[in-house]
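**Student:** this is a predicted model, with the sequence first.
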Amino acid sequence: MTARIINGTELARSLRAQAAERAARLVERHGVKPGLAVLLVGADPASQVYVRNKVKACEEAGFHSVMETLPPDLSEADLLARIDALNHDPAIHGILVQLPLPGHLSSHTVIEAIAPEKDVDGFHVANAGQLMTGKPQFIPCTPYGVMKMLESVEVPLRGAEAVVVGASNIVGKPMAMLLLQAGATVTLCNSKTRDLAAHTRRADVLVVATGRPGMITGDMVKPGAVVIDVGINRGADGKLCGDVDYASAQAVAGAITPVPGGVGPMTIAMLLINTLEAAERSQAA
Ligand code: NDP
């Protein structure tokens with residue numbers, strides 16, 4: 001069997017076009033452009049690429065965007081003051097602080113400083129709590145993008161066995177919650193899971209987000225399963241690769257996401273949707 005490829009680049013393009021149309025309507029009706037501020041502390045090369053891609057996507061969709069690169073030794077007080085100013089800036093509807101932060105800054109303190117109604121990453125505890133209770137204001141962009149991908153290939157989630165490998169606050173945990181809310185029976189695995197393959201082989205839907213290149217191999221995949229690879233890693237050959245060994249997994253899976261061109265572009269598309277919705281809500285309020 002050769003798996004169907006779930007093309008994130010194509011799906012993201014159509015979602016971004018929809019976001020651009022809705023943004024144009026907001027300008028027409030209210031004279032308001034959705035505005036996103038992206039703060040990057042330091043000069044981590046991978047983070048610089050992510051941030052630039054996010055800002056470029058905003059510009060292409062007709063959003064207002066502000067990108068601030070701040071010095072790596074910026075004090076926490078100065079960063080919090082900058083966030084506070086953006087919280088009060090009416091032209092900014094979404095604030096994103098690129099993670100990871102330099103070691104002297106607490107990501108928890110920084111995220112909690114963002115006004116929940118502008119927390120378009122959905123990482124603030126208020127937003128995490130709303131997601132947990134099934135009434136999300138913002139869904140974190142990566143798991144949100146994965147749900148859109150599953151929807152696009154009409155994967156039946158009700159009653160499905162879903163296994164999520166990786167349990168971070170920004171990907172694995174919200175992913176598991178969304179799958180649960182869609183009616184799946186969810187297993188959430190971490191680095192302490194005993195006999196990981198016994199879990200992954202049961203999965204009708206397998207989502208992998210560990211940051212361990214190629215750790216899920218074809219023999220760990222149930223024939224016909226839908227495999228979503230969230231991982232973005234730089235291989236020894238300098239090329240991007242996922243957490244799933246694509247060559248062996250695609251021979252077994254029913255559908256699979258590639259890296260690059262899978263979940264990555266969807267994350268950016270969902271950031272635009274969250275920012276747009278924040279801007280629309282600000283006008284309805
Ligand atoms: P974290 O490092 O925060 O979390 C990794 C998770 O994987 C942890 O829960 C960890 O377990 C678990 N894990 C690690 N090794 C294993 C193992 N051998 N078996 C089972 N579980 C394991 O990573 P993130 O969630 O931030 O990111 C994961 C990957 O997704 C990375 O490659 C990252 O680059 C990528 N990513 C991609 C995005 C996109 O847009 N496509 C967006 C965000 C991330 P434990 O809790 O026990 O430590």
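**Tutor:** Sure, I can see it. Every value quoted in this text rests on a predicted model; they were computed, and no experiment measured them. Residues are numbered from 1 along each chain as shown.

**Student:** contact residues of the stretch 101-250 of the chain facing the ligand?
**Tutor:** 142, 165-168, 170-172, 189-193, 196, 209-212, 215, 230-233, 243 (Cβ under 6 Å from any ligand atom). Just so you know, the C-beta spots here come from the backbone N, C-alpha and C atoms, and that holds for glycine as well.

**Student:** any of those buried? List them.
**Tutor:** 142, 165-167, 170-172, 189, 193, 196, 209-210, 215, 230-233, 243 (16 or more other Cβ atoms under 10 Å).

**Student:** out of the residues you listed, which sit inside strands?
**Tutor:** Cross-referencing these against strands under DSSP state E gives V165, C189, N233.

**Student:** from these, which is closest to E10?
**Tutor:** N233 (22.9 Å; Cβ to Cβ).

**Student:** find the nearest non-adjacent residue to the closest one, please.
**Tutor:** Sequence neighbours aside, P213 is the residue nearest to N233 in space, at 4.2 Å (criterion: Cβ to Cβ, 6 or more residues apart in numbering).

**Student:** give me the neighbour count for R194.
**Tutor:** When neighbours are counted by other Cβ atoms under 10 Å, R194 registers 7.

**Student:** show me the helices in the stretch 51-200 of the chain, by range?
**Tutor:** All helices of the stretch 51-200 of the chain, identified by DSSP state H, counting those that start in this stretch, fall at 76-87, 107-113, 125-132, 141-152, 172-181, 196-200.

**Student:** helices or strands next to the first one in the packing?
**Tutor:** What it means is helix 76-87. strand 35-41, strand 64-70, strand 94-97, helix 107-113 (3 or more Cβ pairs under 8 Å, 6 or more residues apart in numbering; DSSP states H and E).

**Student:** nearest to T267, out of the ones you listed?
**Tutor:** strand 94-97 (11.3 Å).

**Student:** residues in contact with S47?
**Tutor:** L40, Q98, P100 (Cβ atoms under 8 Å, 6 or more residues apart in numbering).

**Student:** go again using 6 Å as the cut-off
**Tutor:** Shown in contact with S47 (Cβ atoms under 6 Å, 6 or more residues apart in numbering): L40, Q98.

**Student:** flag every buried residue along the helix or strand it falls within.
**Tutor:** Using DSSP states H and E, S47 falls within helix 45-60. Residues of helix 45-60 classed as buried by neighbour count (16+ other Cβ under 10 Å): S47, Y50, V51, K54, V55, A57, C58.

**Student:** any idea what sits nearest the last one, other than its immediate chain neighbours?
**Tutor:** Right, the one you point to is C58. Nearest one to C58, counting by Cβ to Cβ, 6+ apart, is S65 at 3.8 Å.

**Student:** ok, that neighbour to R212 distance?
**Tutor:** Distance, S65 to R212, by Cβ to Cβ, to the nearest Å: 33 Å.

**Student:** check L150 too.
**Tutor:** 23 Å.

**Student:** which one of the buried residues of helix 45-60 is nearest to E76?
**Tutor:** Nearest to E76 among the buried residues of helix 45-60, with distances taken as Cβ to Cβ, is S47, at 18.1 Å.

**Student:** V221 and A249 touch, don't they?
**Tutor:** Yes. Counting by Cβ atoms under 6 Å, V221 does reach A249; the two are 5.2 Å apart.

**Student:** more neighbours: these two, which one.
**Tutor:** V221 (27 against 24).

**Student:** just the pLDDT at that one, thanks.
**Tutor:** pLDDT recorded at V221 is 98.

**Student:** please apply the same query to the one 3 residues further on.
**Tutor:** According to the predicted model, the pLDDT of G224 comes to 98.

**Student:** can you tell me which residues contact it?
**Tutor:** Contacts of G224 by Cβ under 6 Å, 6+ apart are G254.

**Student:** so what's the residue count around the residue nearest to C58?
**Tutor:** As a burial measure, S65 scores 20 neighbours (other Cβ under 10 Å).

**Student:** what does the one 5 residues further on give?
**Tutor:** Burial measure for L70: 15 neighbouring residues, criterion other Cβ under 10 Å.

**Student:** before I go, just wanted to say thanks for your time.
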